[in-house]
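Participant: build me a model:
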Amino acid sequence: MKLSVYEIQRIETEMLLEIMNISKKYGLQIFAGGGTALGAIRHHGPIPWDSDADVYVPFPEFVYVCRILNDTLSDKYVVNSYEVNGNNRILYGKVGVKGYSDTILHVDIFPLLGLPKDKEKHELFMRKAEVLKWIHFYKTHKLSKDRLVLRVLCKCIPLSSSFIRKQFKRFVSQYDYYDSEYVFNANSGIVKPKSVERKLFGKGLWVDYDGIKIKIPEHYDAYLRNYYGDYMELPCEKERAKQHKLYIVGKV
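Facilitator: As a prediction, the model looks like this:
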């Protein structure tokens, strides 16, 4: 089926409503972050041209949160993650609509990972995690013209995707989230990972989001400036034109 960005956002907002209600009921550490937090503050809802919705969970609670969501979300939704249903294609989690591909239509569940105390080591640590992430990604996804050489090279590495997954998890588990001053998300798509002070998440702050309430980092101003600089400034017209795009969401 073909869906507009607005139609995708409406479905993802309904997902967020359930996720946030479950978070409140069970006292889960779930924060809407990234562009979802930005949308809440700048647009009081989804960014008009953004089809993504993201939530963040401290790494020690990640598996527990995925399983709680899997057990308590409405039957029309499904949680995809290795820990819940053995999905080996991703190193994080996704809430999708049952029977439909979650490539476009989903809410990402990203684990927040701890970093070394020495800030000078952050960049190297995040880079190593990113390398493992991309090797895993290219080994578990079909070849395409995008970054074809890199994809082929990763496919040729004589290690299974399950082994890479285990190495990734072992590597990012080195620094306890709650002992870390800085944390990061290793699964940020094509965006280069960036560290952020853990204290900025605090206890969270409930804000309006297109008619519902979502929890974002308590110190959202410093959080958003860390990632976006002057976050109230709109991007160029070309970026905003994506709000008129149609997406094909296939059945599975």
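
Participant: strands of the stretch 151-252 of the chain, residue ranges please.
Facilitator: Along the stretch 151-252 of the chain, the stretches classed as strands by DSSP state E, counting those that start in this stretch are 182-184, 196-197, 205-209, 212-216, 246-248.

Participant: low-confidence ranges, the stretch 1-150 of the chain, go.
Facilitator: 143, 145, 147 (pLDDT under 70).

Participant: burial count for residue 130?
Facilitator: Using other C-beta atoms under 10 Å, the number of residues around residue 130 comes to 16. (Each C-beta comes from the backbone N, C-alpha and C, glycine too.)

Participant: now for it: which residues touch it?
Facilitator: Residues in contact with residue 130, defined by C-beta atoms under 8 Å, 6 or more residues apart in numbering, are 186, 192-193.

Participant: equivalent analysis for residue 174, please.
Facilitator: Contact criterion C-beta under 8 Å, 6+ apart gives residue 114 as the residues in contact with residue 174.

Participant: and the longest strand along the chain, which strands flank it?
Facilitator: Taking DSSP state E as the criterion, the chain has its longest strand at strand 107-114. Neighbouring strands of strand 107-114 in its sheet, by DSSP bridges, are strand 54-58 (parallel), strand 93-97 (antiparallel), strand 182-184 (antiparallel).

Participant: of those strands, which is nearest residue 142?
Facilitator: Within the strands paired with strand 107-114, the stretch nearest residue 142 is strand 93-97; the backing value is 17.9 Å (C-beta to C-beta).

Participant: circling back to that earlier point, now for the strands paired with strand 107-114, which one comes closest to residue 220?
Facilitator: Of these, the one closest to residue 220 (C-beta to C-beta) turns out to be strand 54-58, at 12.7 Å.

Participant: picking that back up, deepest of the strands paired with strand 107-114, which one?
Facilitator: Using mean count of other C-beta atoms under 10 Å, the stretch among those with the greatest mean number of neighbours is strand 54-58 (a mean of 25).

Participant: ok and that strand relative to strand 212-216, angle-wise?
Facilitator: Compare the direction of strand 54-58 with that of strand 212-216 by axes from the mean of the first three to the mean of the last three C-alpha atoms, to 10 degrees and you get 50 degrees.
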